[in-house]
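[1] Mind looking at a prediction? Sequence and model below.
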Amino acid sequence: MSHPAVIASAKSVALSQHPELTALASLEAAGDLAFFWDLDGDQIDWVGAMEEFFDADLPTPASMAMFDTLMSESDALTHRQAITRHLAHGDRYECQYRLHGRKGASVWVHERGQVTLDANGRVTHVYGTLRTIDELKSQEAKLIHYADYDDITGHYNKRRLRESLDKAVNYVQHFSTTGAYLVVGIDRFSVINECYGFRIGDKLLNRVAQRLLHHLRIADIIGRVDGDRFGLILYHCTEDELVGAAERFIRVIAEEIFNTEQGAIPLTASVGGIIFPTQGVTATELMARAEIALQHAKRKGSSSFSQFKPMVSDKAVQTHNLALQDKVRRALQNKDLCLAYQPLVDATTHQAVSYECLLRMKNPDGTLMPAAEFIPVIEKLGLIRQVDWAVMDMALDELRANPDLDLGINVSPANISDGRWLNQLMENLAKDPSLAKRLVVEITETAAMDDLEQSSHFVNALKKSGCRIALDDFGAGFTSLRELQYLPVDILKIDRDFVKLLPDDAASIRMVQTLVGLASDLSLVTVAEGVETIEQANLLKDLGVAVLQGYYFGRPTTDPAWRLAHGDGQAVGQTGVFC
Ligand code: C2E
Ligand code: MG
Ligand code: MG
């Protein structure tokens, strides 16, 4: 390795004739630093953008012992462990840590490297590169915050509240006790927003949250679930105590007027409640049931309470699900499953760049049942594996018949963990390699993060076959940048939840901005789902989203344009954004 000083003095020589100078110029331009660590003498040589990492007034660390002093003890340990693990597994190591460098400030660093072994398998050298990732880290921190907290009240958002509710259910089950989940909805809040404007509306939401918080016991939890509704988790609450608790919360909102700069505003709230684990064991079902109870309460009038009363027994739900599974099984045999195609359009030209295949089941009366009504059930009961195989066949047939078409298909978590679907797809693509580049496989963010190692294997194998991979419903599950780096996906599909309140909701705008920033740092294409209005489309384009999908541009249809036009209709796919 050439010494940096020598390299610097010779910079005027044409770079192309001197590969080592080209390497130095590239490192400096990228703000990166390369190192070469000789373990025998514990000596490190550095080359590249030294000033990005080290304090110019202090000696550059010339040994690992010295370099270690620039990190916290735990970061130094992480660093060592990354190298040690790498020795066991081969390949390359990567790790991230903070370096106390420039003028006492710390900088986030991403290090990648490899070792050299001698003939006896002994490590002689480690070499690699350092890159600063402060910008990415601050985006990650923003994402963490938006992912957990509501920006109007500063309390938990729905996602985090759901997580806490799941924990509360585990807790009460463990101690054989009961808890309650309440959803408090401010009555006629839309009228308040209309009369006083959103600024006062937001202030009132904040004050309501404070009042509710004030009347919660220390271990109980509050979060904002949506617009005008708050969720409360009460540990240790019996069915008898539920009514009293709900009435207390109704009272604390109604009894005292809210003073604002636009005068005193009276508010009332209604409450829906449910007891767990007796009336539900997952946060999702408890939250949905409490919402039903709240709607019931609101129908009774303001300041009302209603407790969830199961309308159909669990047995009836089970019977319904089994019947639905049977129906899907018959549909599979009778070829009554079909695909509906929904366009994804270029955000600037509004031209279709691709279509997503969405599964439909034909009902006896000729209508079509949307995927949302049967996929969750068959995912739970296991039939989804065969269904995904059928979808793969139908989509590949469509691609073969239409050489200009780009299609996306959804694959369920069960087939991510079971290698057979992947093998079958690779076999099909190997027979006709022209298909792969026109196929996008969508996996949901939550499925991908469920078992990162498995998903990473799945995504890497798919990539090798030449198709592209999209992370579906992205943003809702909060994936960190670090995790994303293990998944070399091509496309981020921003969840409909972040689009539906646009163009007016500031938190949604910030979330989309953050996700677009994240995607751009990783050179990923962004797609916004659920675009229903031109205002949303324009704003999303201005925020930097590349591709749009939603009812505004076209509902999923089983009679797509290319079939109606017998092949000479509008051009499909391949406008460039997606390729
Ligand atoms: P997804 O992959 O996120 O698909 C988008 C869903 O949003 C579709 O519902 C689509 O009809 C709906 N949608 C599209 N634009 C809009 C809009 O502007 N507004 C609103 N409100 N909704 C919109 P669908 O077809 O019922 O599918 C639901 C979910 O079922 C899909 O979500 C996907 O996760 C799953 N799914 C669909 N087809 C398949 C399949 O073939 N295999 C597997 N494993 N899952 C599938
Ligand atoms: Mg999808
Ligand atoms: Mg989606």
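    Thanks, I have it. Numbers count the residues shown, from 1 in each chain. Ligands and ions are numbered 1, 2, ... in the order given.
[2] who's in contact with residue 345?
    Neighbour list for residue 345: 351-353, 547-549, 553 [criterion: CB atoms under 8 Å, 6 or more residues apart in numbering]. For the C-beta atoms, the positions are set from N, CA and C on the backbone; glycine is no exception.
[3] now do 7 Å
    351-353, 547-548, 553 (CB atoms under 7 Å, 6 or more residues apart in numbering).
[4] Let me know the secondary structure of it.
    strand (DSSP: H, G, I helix; E, B strand; the rest coil).
[5] give me the beta-bridge partners of it?
    residue 352, residue 548 (DSSP bridges).
[6] where does it sit relative to residue 556, distance-wise?
    If you measure residue 345 against residue 556 using CB to CB, to the nearest Å, the figure is 14 Å.
[7] Next: residue 502.
    21 Å.
[8] Am I right that residue 426 is in contact with residue 465?
    Yes. When contacts are counted by CB atoms under 7 Å, residue 426 is listed as touching residue 465 (5.0 Å).
[9] what's downstream of the one helix or strand residue 191 maps to, the next helix or strand?
    Applying DSSP states H and E as the criterion places residue 191 in helix 189-196. On the C-terminal side of helix 189-196, the closest following helix or strand by DSSP H and E is helix 198-214.
[10] residues in contact with the following helix or strand past that next one?
    Per DSSP H and E, the first helix or strand lying C-terminal to helix 198-214 is strand 221-226. Outside strand 221-226, the residues that touch it by CB under 7 Å, 6+ apart are 150, 152-153, 155-158, 160-161, 164, 183, 209, 212-213, 216, 230-233.
[11] Check those for burial and list the buried ones.
    150, 152-153, 155-158, 160-161, 164, 183, 209, 212, 230-233 (16 or more other CB atoms under 10 Å).
[12] and the next element down the chain from the helix or strand bottoming out on mean pLDDT in the chain?
    Every helix and strand in the chain was compared by mean pLDDT, DSSP states H and E; the lowest is helix 4-9, with a mean of 36. Using DSSP H and E, the helix or strand that follows helix 4-9 towards the C-terminus is helix 19-30.
[13] Quick check: buried residues in that following helix?
    Residues 21, 23-24, 27-28 are the ones in helix 19-30 that count as buried (16+ other CB under 10 Å).
[14] so after it, what's the next helix or strand?
    strand 33-38.
[15] Partner strands of that following strand, with direction?
    strand 43-48 (antiparallel), strand 123-132 (antiparallel).
[16] Output the below-cut-off pLDDT ranges for the stretch 301-450 of the chain.
    Regions of the stretch 301-450 of the chain meeting the criterion pLDDT under 70 cover residues 311-315.
[17] and it, which of its residues are near ligand 3?
    Residues of the stretch 301-450 of the chain lying near ligand 3 by CB under 5 Å from the ion: none.
[18] what about this structure, any weak spots by pLDDT?
    For the chain, the stretches with pLDDT under 70 are 1-21, 87-91, 102-104, 144, 311-315, 476-482, 565-579.
[19] residues in it within reach of ligand 1, list them.
    Along the chain, the residues adjacent to ligand 1 under the rule CB under 6 Å from any ligand atom are 342, 358-359, 370-372, 375, 384, 388, 391, 410-412, 442, 472-473, 529-532, 550-551, 556.
[20] ok, and which of those residues reach ligand 2?
    Within the residues of the chain next to ligand 1, those near ligand 2 by CB under 5 Å from the ion are 410, 442, 472.
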